[in-house]
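Visitor: sequence unavailable; structure follows:
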């Protein structure tokens, strides 16, 4: 019996079950693969260009962002995203995809009001919460160091 | 003439003169690909951006529809159209080039049957002679307005649907033809409290059930009186729900019901639960169903186009999703 009062429960059996385990495994494998590529790049930059391991971080992230932006432009990253879910959304490549896809989408409204104004539409919240939480954690650390 | 509580019966005779259906490439590859008049081979439809691509679809469907008859464009008494975009831009901007009075409607994905119902009523009452009823939707304009940028790599659940890229136009008037619009049932806005914009099948099923049950009551009919009861875009999630709900009310549609969203694509086309959008019911009905009626494979069909009247802003404000469904009866004139 499907009723208005209890609609969401009554229709549970008609809805496809989210494939949690399968999605977790896919996210783990693809996310791990992206990190493996990152590690490979770190080795490449330290061995070939003589970066220190710490300094290699910047060119590694930049390279991953470039790759992700290119894959977004070629229309591949959204397909990876549908397959991998959090696996391709959480790493820096997902962040780059959210910016590139928004920029591409709003190209039709011009460079200033379209691309520039909208490219952080999705990524903006990540930046806001990233900055705010970094500030809070920094303050906590500072206070602990001062008074303990 | 009003019949029952929410329905109109067109006693003076309202007939379908011609139809025009245009789609994008993915619909062409679907099971009904051969029934569309024209299909663009890429999503941009030779235009600069997605919004003009949608207008190109709409304009082409009108041109094709009118091209099939000898009725001149200036003989059209009314152009009725609607789409999914804010301010109904596709319809309003295409109407700039149509030399006829224009009524713009918004019924989300129920727009197809809403325009046909309004048009038929105006012909039946004698206020209009020739009416064109159109609607359009485009995968990328809908994604961008209701969801995320098209290239964004977010994961969608299996309950999501894929917006049909296409447009459909119907030319109606009072000169007898093979197919007539026999009646219509105008739906109420129904909200069963679904909040997930990626599960519109569940949200719209109660609206469809309400309109179907009301239609049967108003006309004093049973589902068996129809060869087919076609819903718009309930998808694989909403279709079994609507069947269950109408059965609960005493109208069993088993073997009679089909859903346009499940007919427009093959299951291996990665469209999640099925197709959706204004064009979903339009291209299936005006392309495939009309052809079946013409060939006498179907005699009497109830088409119930279903619309989720959601706004992304209100979804974010945690509002539930109101839905609506409008039904139109198409039948062979000789039945």
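Guide: In hand now; what should we look at? In this text the structure is predicted, and so the values were computed from the model without any measurement. Numbers count the residues shown, from 1 in each chain, chains lettered A, B, ... in the order given.
Visitor: ok, and the closest non-adjacent residue to the closest residue to chain B within chain A?
Guide: Proximity of chain A to chain B (C-beta to the nearest C-beta) peaks at residue A:81, 2.3 Å away. Yep, even glycine has a C-beta here, placed from its N, CA and C like the rest. Distances taken as C-beta to C-beta, 6 or more residues apart in numbering or on different chains place residue B:153 nearest to residue A:81, at 2.3 Å, with adjacent residues excluded.
Visitor: can you check residue B:142 too?
Guide: residue B:163 (4.0 Å).
Visitor: so what's the one you found bridging to?
Guide: Per DSSP bridges, the residues bridged to residue B:163 are residue B:276.
Visitor: residue contacts, it?
Guide: Counting by C-beta atoms under 8 Å, 6 or more residues apart in numbering or on different chains, residue B:163 touches B:84, B:137-139, B:142-143, B:275-277, B:279-280.
Visitor: top of these by neighbour count?
Guide: Neighbour counts for the contacts of residue B:163, by other C-beta atoms under 10 Å in any protein chain shown, peak at residue B:279, which reaches 39 neighbours.
Visitor: what strand or helix carries that residue?
Guide: Secondary-structure assignment from DSSP states H and E places residue B:279 in helix B:278-283.
Visitor: distance from that helix to the middle of the chain?
Guide: Its chain's C-alpha centre and that of helix B:278-283 lie 4 Å apart, by C-alpha atoms, centre = their mean, to the nearest Å.
Visitor: right, and the helix or strand after that helix?
Guide: Next along from helix B:278-283, by DSSP H and E: helix B:290-294.
Visitor: what sits up against that following helix?
Guide: Contacts for helix B:290-294 (C-beta under 8 Å, 6+ apart): B:16, B:19, B:35, B:178-179, B:298-299, B:301, B:330-332.
Visitor: buried ones in that helix?
Guide: Across helix B:290-294, burial judged by 16 or more other C-beta atoms under 10 Å in any protein chain shown covers B:290, B:293.
Visitor: got it, and stretch B:293-303?
Guide: Those buried within stretch B:293-303 under the rule 16+ other C-beta under 10 Å are B:293, B:298, B:300-303.
Visitor: of those, which belong to helices?
Guide: residue B:293 (DSSP state H).
Visitor: out of the buried residues of stretch B:293-303, what pair is the most spread apart?
Guide: Spatial extent of the buried residues of stretch B:293-303 (C-beta to C-beta) is set by the pair B:293 and B:302 at 12.4 Å.
Visitor: quick one on the thing from earlier: now, which of the buried residues of stretch B:293-303 sits nearest chain A?
Guide: residue B:302 (21.0 Å).
Visitor: measure that closest one to residue A:7 for me?
Guide: Using C-beta to C-beta, to the nearest Å, residue B:302 is found at 24 Å from residue A:7.
Visitor: now do the SS call for the residue of chain B found nearest chain A.
Guide: When scored by C-beta to the nearest C-beta, chain B has residue B:153 as its residue closest to chain A, at 2.3 Å. Under DSSP: H, G, I helix; E, B strand; the rest coil, residue B:153 falls in the coil class.
Visitor: contacting residues for it?
Guide: Counted by C-beta under 8 Å, 6+ apart, residue B:153 has contacts A:72, A:77-82, A:88-89, A:94, A:97-98, A:101.
Visitor: now it: how far from residue A:99?
Guide: From residue B:153 to residue A:99 the distance is 12 Å (C-beta to C-beta).
Visitor: same thing with residue A:35?
Guide: From residue A:35 to residue A:99 the distance is 20 Å (C-beta to C-beta).
Visitor: with neighbour numbers in mind, choose between the two.
Guide: Taking other C-beta under 10 Å, residue A:35 and residue A:99 do not tie; residue A:99 has more neighbours (23 against 13).
Visitor: closest to residue A:56 among the contacts of residue B:163?
Guide: After measuring these against residue A:56 - C-beta to C-beta - the closest member comes out as residue B:143, at 37.6 Å.
Visitor: so that closest one makes contact with residue B:151?
Guide: No. Contact criterion C-beta atoms under 8 Å: residue B:143 and residue B:151 do not qualify, at 9.6 Å.
Visitor: pull the contacting residues for the residue nearest the centre of chain A.
Guide: Taking C-alpha atoms, centre = their mean, the centroid of chain A lies closest to residue A:94, which sits 2.9 Å from it. By C-beta under 8 Å, 6+ apart, the contact set of residue A:94 is A:68, A:81, A:88, B:153.
Visitor: what is the nearest of those to residue B:222?
Guide: Of all these, residue B:222 sits closest to residue A:81, with 47.0 Å by C-beta to C-beta.
Visitor: for the closest one, give me its contacts.
Guide: Contact analysis of residue A:81 by C-beta under 8 Å, 6+ apart lists A:88-89, A:94, A:97, B:152-155.
Visitor: repeat that for residue B:262.
Guide: Going by C-beta under 8 Å, 6+ apart, the list of residues near residue B:262 reads B:235-236, B:239, B:274-275.
Visitor: and if you look at residue A:100?
Guide: A:68-69, A:72-73, A:119, B:151.
Visitor: packing partners of the longest helix seen in chain A?
Guide: The longest helix of chain A (DSSP H) is helix A:20-49. Contacts defined by 3 or more C-beta pairs under 8 Å, 6 or more residues apart in numbering or on different chains; DSSP states H and E place helix A:20-49 against helix A:57-73, helix A:77-84, helix A:86-89.
Visitor: gap between that helix and the chain center?
Guide: 13 Å.
Visitor: quick check: buried residues in it?
Guide: A:23, A:26-27, A:30-31, A:34, A:37-38, A:41-42, A:45-46.
Visitor: try stretch B:123-130
Guide: For stretch B:123-130, by 16+ other C-beta under 10 Å, it's B:123-124, B:128-130.
Visitor: as TSV, those residues with secondary structure and distance to chain A would be great.
Guide: Output for the buried residues of stretch B:123-130, formatted as TSV (DSSP: H, G, I helix; E, B strand; the rest coil; distance: C-beta to the nearest C-beta, whole Å):
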residue	secondary structure	distance to chain A
B:123	helix	36
B:124	helix	34
B:128	coil	36
B:129	coil	39
B:130	coil	35
